[in-house]
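Chemist: predicted structure and sequence below. I'll ask about it afterward.
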Amino acid sequence: MGKRVGIVGVGQTHHASQRLDASGVELIAEAVTRALDDAEITIKDIDAVVIGNMDHFENINYVDMWAVDGLGAVMKPVFKVTTGGTTGTTIAACAFYTVASGLFDVVLAVGWEKNSESDTQAAVATCANPVLERDFFAGAIGPLATEYSMYMKAYGATEEDAAIVAARERNNALNNPYAHVRQAVTVEDVLKSPMLSYPIKFLDMCPRSDGACAVIFAVEEKAKKLCPRPAWIHASVVRHDYTHFGDLEWTFMPTLERASAEAYKLAGITNPLKEFDVAELYLPASTCGVKWMDSLWFCDHGEAPKLIRKGVFDMDGELPVNPSGGVICTNPIGATGLIRVGEAAWQIMGRAGARQVENVRRALVTGFGGCSWSDVIILGADLP
Amino acid sequence: MMNRFGIYEDKRKRTHTPEGYELLTHSSGPISYDFNWHLGYYWSYFLQGLKEKKFLATRCHQCGRVYMLPRQVCGRCFVEMNEWVEVGPEGVLEGFTVVRFPYVDPNHGGMKEVPFTSIWVKLDGADTRMMHYCNEHDESKLRVGMRMRAVWAEERKGSIHDVAYFEIAE
Amino acid sequence: MERVAIIGVSQTKYTQNNPLSFAELVYQVTTAALEDAGITISDIDNVVSVSSDFWDGRTISSMAISDASGAYGKDITTVEGDGTFGALYGLMRTLSGSFDTTLVVAHHKGTESNMRGITNTAFDPLVERKLGLDAISSAALQARRYMTKYGLKEEQFALVSVKNHGNAMRNPLALFPMEITVEDVMNSRRIADPLKLLDCSPVTDGAAAVILATEHAAKKLVPPQKCVWVKGVGHCADAFRLGDRDLADTRALTAAAKRAYSMAGIQDPGREIDLAEVYDAFSYMETLWLEGLGICPEGMACEHLERGRFDFTGPLPVNPSGGRLSSHPVQVAGLAELVECVLQLRGEAGDRQVEGARTALAHGVNGMCGQSHCVWILGK
């Protein structure tokens, strides 16, 4: 049977729209060094490394080979995983399975991106079928905008519901020294910001960032020695059911529903809204922060706006969502999913600084990418 | 915590090195990677159909789902589909967005022309939607649920652009 | 390590300009592997796709093949690197307790893309890329270094090409089976000195799949003759810049092999291994890697090759499939080696069967000039 795995250290860079001072390898080194310090170990204690990013942004092939210096991976086992937007959570899952297999005890997971080095939308557009779909692909924002307009039509959700989510996350980021965008906003500021693609406006949408994140996973015996309060991995589930964008179901997200249902089952969760103490969710636009709450089994389809207006997901609410500011404040694509894992782990370890939620015992993490690819990871303060 | 060469400093606003040298960037210049994708049996047949002003979809014999865009495998049943069904040329608008911010088009490296309207349309007879253009760029004139009709290009050569765009059909 | 078996395998015929799309290739090998194992898609718990955004010309390369690999409703992930690394991740997922069976599937359409341009992007954009380095020119540098270090000759490397293309004559799936001589190799077009056309592997299209299962799942699903057991595996990477290491020093490979041998309880690989599939992207690489694997002392592999030690009829056949020199679908290649080893150990290798094979070695490479290696030991 598999081993139990805990997160014992996390490191992040200061995320920005452009990190002129550091090349990709140096950004990685920054995150890795900070993670090693957080775990109070050295690179010698790392048994294997896994890395990921989204290739076309930097146009570097075999990134795992190119980055060995920054990863401290010279003469160590290393390989690369990549799954588009969900890369960050894919990397976390990979490190988890690597340790759970019993073949390696301490594994370093690194996600990074230098989005400033290329045109983000052009690179993302290449995920669509080049011959049949690419030309009509309306950027990463297209499907998100469309699904929310349908959600509004079906259930009466409003642009204001999304604006509440946007304001909440942007204000949360003020407590996060690593966040890219740190800007106090009101709901009205969001509603007045320029329209990008109806109904998503400028302040509803995520930025593109330069940044890296490193998370250290350790096998049970070592994790207990290294960390007073490791974040134990209780479940990791992935669902990706679609090949073409036209296959997507619009009014709810089947992949997220299926992935979260399976993850809750594995972790023994029956009432997610009550049983989770914090959630770091991959919400690329504030509209997702409305619509996707339905698909996490927090409420019935269409009921999410009620929860939002009640403040259930605020920092002082029943289930704080994205105390870090989430994706709409920081988005180095290859790292974004891993940052969710790292932030959730810090919440459990009690190292989340000014954005710490009190007494976190269980944390929910999600990843999202491409054609409705959904990852769900559950972390806990107790052993699974 | 050891302080290693300023590794904990917030260097986001830096534009120069500590000695005062400018931090440089380096442009690759235009690069193109040419690909020559093989389309296989299913898409080749589909594109031939477009040339002949027909929308050809595949139907799963196990679950009955009709897929537009057609493909070899029904994901849910994991079976090869061998039944072709003609669908459209009209359908229902299931989603749309008007893109107003330009970005680089990976097909030619220049900027994409905006505004353009990207739609998801479910052709009559199909169970899944296809993506395409719509000639209407005013959001207030488009409504989910409207009937849409394909407008064929004058010259067709077996490409997705043999359909020039979809127009409102009501 | 808990016992894990490979219970099903398949590979396509290796061709150029294969008219099938990525998804169709993947569906072909997925169904063939299931049929080989005698199980259905519902017996598969998760999927590892081995694919590359660069080679496919689109990002999220595994998105295109998700339905075709039977991943609907299942956990799926993507490794970007050689098939041996993908299979390694598949192995770890199977050992983790989360999944009993794992399908690892790799696809590659080299002839759709630009090999030299794409391998050029593996180099650092500021310096080496601008010098136009790619897979072939960097390999030429490594070959020259290897020759200088040990006083080896091009004719000796040519023997590898002769042997492997000759072995491919017994493999109906190989792209370039050929009966050639050392003279043919020496007279072939000079591409990047000292490498000639017949020293280089061909750009290839193809796909392969393996199905891994835990011991208890394997016992439930397939008869014992289908099972080939994973005895040991190791991987390790060296420095990136070509100038940061001695290109003829195979220390990363030695470290990877050491781990694999130790897990498998192998002390004298040269004697205990019955056949080896080694990553011969270029002729000189076969002998270089055989030394790194500890099968020959440093600098001696060419001499052993000349004495016939690695011939199909010799004591330790190397690349009985014809090797990468005969078919080289990048990323698929390592998985194809595992497929070959499984077929050999099951006694299903037809005309190219190595008699009495009980222990096999498969070796994959990632990065330029063999920066990173993955070594597998399989046993019956």
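Modeler: In hand now; what should we look at? Numbering: from 1, shown residues only, chains lettered A, B, ... in the order given.
Chemist: going forward, measure contacts and count neighbours with C-alpha atoms only.
Modeler: Noted.
Chemist: chain C contacts on chain B?
Modeler: Counting by CA under 8 Å from any CA of the partner chain, the positions of chain B adjacent to chain C are B:26, B:33-41, B:72-76, B:78.
Chemist: nearest to chain A among these?
Modeler: If you rank these by distance to chain A using CA to the nearest CA, B:Gly75 comes first, at 7.5 Å.
Chemist: name the nearest residue to the closest one, ignoring sequence neighbours.
Modeler: The shortest distance from B:Gly75 to any non-neighbouring residue, by CA to CA, 6 or more residues apart in numbering or on different chains, is to C:Asp67 (4.4 Å).
Chemist: my read is that the one you found contacts B:Glu80, right?
Modeler: No - between C:Asp67 and B:Glu80 there is no contact, the gap being 10.7 Å when judged by CA atoms under 8 Å.
Chemist: settle it for me: which of the two has more neighbours?
Modeler: Neighbours per residue (other CA atoms under 10 Å in any protein chain shown) separate C:Asp67 from B:Glu80, with C:Asp67 holding more: 28 against 19.
Chemist: which residues sit in contact with the more buried one?
Modeler: By CA atoms under 8 Å, 6 or more residues apart in numbering or on different chains, the residues touching C:Asp67 are A:Asp241, A:Tyr242, A:Thr243, B:Val73, B:Cys74, B:Gly75, B:Arg76, B:Phe78.
Chemist: quick check: phi and psi at it.
Modeler: phi -60, psi -40 (degrees, to the nearest 10).
Chemist: surely A:Ala231 is in contact with A:Pro384?
Modeler: No - the pair A:Ala231 / A:Pro384 is not scored as a contact, 10.3 Å apart, by CA under 8 Å.
Chemist: tell me the pLDDT at B:Phe5?
Modeler: On pLDDT, B:Phe5 comes in at 67.
Chemist: how about B:Gly145?
Modeler: 89.
Chemist: and A:Ala231 and A:Pro384? Which one has more around it.
Modeler: A:Ala231 (32 against 15).
Chemist: and the more buried one, its phi and psi?
Modeler: According to degrees, to the nearest 10, A:Ala231 has phi -100, psi 110.
Chemist: partners of it in the sheet?
Modeler: A:Ile7 (DSSP bridges).
Chemist: roughly how far does it sit from A:Lys265?
Modeler: 19 Å (CA to CA, to the nearest Å).
Chemist: what sits in contact with each of C:Asp67 and B:Glu80?
Modeler: B:Val73, B:Cys74.
Chemist: least trustworthy helix or strand in chain A by mean pLDDT?
Modeler: Sorted by mean pLDDT, DSSP states H and E, the helices and strands of chain A end with helix A:120-125, the least confident at a mean of 81.
Chemist: ok, residue 95 - contacts?
Modeler: Let's take chain A. Applying CA under 8 Å, 6+ apart, the residues contacting A:Ala95 are A:Val49, A:Val50, A:Val107, A:Leu108, A:Ala109, A:Phe217.
Chemist: ah, no, chain C please
Modeler: Here C:Leu95 is in contact with A:Met1, A:Gly2, A:Ala100, A:Ser101, A:Gly102, C:Glu2, C:Val4, C:Thr214 (CA under 8 Å, 6+ apart).
Chemist: among these, who's most crowded?
Modeler: In the contacts of C:Leu95, the most neighbours by other CA under 10 Å go to A:Ala100, 29 neighbours.
Chemist: hmm, A:Arg4 and that residue touching each other?
Modeler: Yes - counting by CA under 8 Å, A:Ala100 does reach A:Arg4; the two are 6.0 Å apart.
Chemist: any idea which residue sits dead centre in the chain?
Modeler: Just going to use chain A. A:Gly337 (2.7 Å; CA atoms, centre = their mean).
Chemist: actually, chain C is the one I wanted.
Modeler: Note: chain C centre (CA atoms, centre = their mean) maps to C:Gly334, 2.4 Å.
Chemist: what about that residue, helix or strand, and which?
Modeler: helix C:332-346 (DSSP states H and E).
Chemist: which strands and helices lie in contact with that helix?
Modeler: When contacts are defined as 3 or more CA pairs under 8 Å, 6 or more residues apart in numbering or on different chains; DSSP states H and E, helix C:332-346 packs onto strand C:4-11, helix C:83-95, strand C:101-109, strand C:205-214, strand C:228-237, strand C:275-277, strand C:359-366, strand C:372-379.
Chemist: Throw those into a markdown table and include mean pLDDT, thanks.
Modeler: Formatted as a markdown table, these follow (pLDDT from 0 to 100):
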| stretch | mean pLDDT |
| --- | --- |
| strand C:4-11 | 98 |
| helix C:83-95 | 97 |
| strand C:101-109 | 96 |
| strand C:205-214 | 97 |
| strand C:228-237 | 97 |
| strand C:275-277 | 98 |
| strand C:359-366 | 97 |
| strand C:372-379 | 98 |
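Chemist: minimum distance to C:Phe123: which of those has it?
Modeler: Smallest distance to C:Phe123 across the helices and strands packed on helix C:332-346 (CA to CA): 13.1 Å, for strand C:359-366.
Chemist: what bridges to the spatially most central residue of chain B?
Modeler: Of all residues in chain B, the one closest to the mean position by CA atoms, centre = their mean is B:Met131, 6.0 Å from it. Going by DSSP bridges, B:Met131 is paired in beta bridges with B:Trp120.
Chemist: from A:His244, how far out is the most far-flung residue of chain A relative to its centre?
Modeler: Distance from the C-alpha centroid of chain A, by CA atoms, centre = their mean, peaks at A:Val131 (30.3 Å). A:Val131 is 12 Å from A:His244, where distance means CA to CA.
Chemist: what about residue 15, neighbour count?
Modeler: Went with chain A since none was named. 27.
Chemist: oops, wrong one, chain B.
Modeler: 15.
Chemist: surely it and A:Asp21 touch.
Modeler: Yes - counting by CA under 8 Å, A:Asp21 is a contact partner of B:Thr15 at 7.0 Å.
Chemist: can you list residues touching both of those two?
Modeler: B:Leu23.
Chemist: quick one: residues in contact with stretch A:65-72.
Modeler: Residues contacting stretch A:65-72 (CA under 8 Å, 6+ apart): A:24-29, A:32, A:43, A:49, A:60, A:74, A:110, C:122-124, C:237-241, C:366-367, C:371-372.
Chemist: which of the residues you listed count as buried?
Modeler: Among the contacts of stretch A:65-72, those classed as buried by 16 or more other CA atoms under 10 Å in any protein chain shown are A:24-29, A:32, A:49, A:60, A:74, A:110, C:122-124, C:237-241, C:366-367, C:371-372.
Chemist: what's downstream of whichever strand or helix holds C:Phe54, the next helix or strand?
Modeler: C:Phe54 belongs to helix C:53-56 when assigned by DSSP H and E. Sequence order places strand C:75-79 as the next helix or strand after helix C:53-56, per DSSP H and E.
Chemist: and that following strand with strand C:101-109, angle?
Modeler: 40 degrees (axes from the mean of the first three to the mean of the last three CA atoms, to 10 degrees).
Chemist: what about strand C:75-79, distance to the chain center?
Modeler: Put simply, strand C:75-79 sits 20 Å off its chain's centre (CA atoms, centre = their mean, to the nearest Å).
Chemist: does it come close to chain B?
Modeler: No - if you take CA under 8 Å from any CA as the test, strand C:75-79 misses chain B, and the best it gets is 13.4 Å.
Chemist: check contacts around the spatially closest residue to C:Phe282 that is not a sequence neighbour.
Modeler: Of all residues not flanking C:Phe282 in the chain, C:Cys200 sits nearest, at 4.7 Å (CA to CA, 6+ apart). Under the criterion of CA under 8 Å, 6+ apart, the contact list for C:Cys200 reads C:Ile136, C:Ala281, C:Phe282, C:Ser283, C:Leu325.
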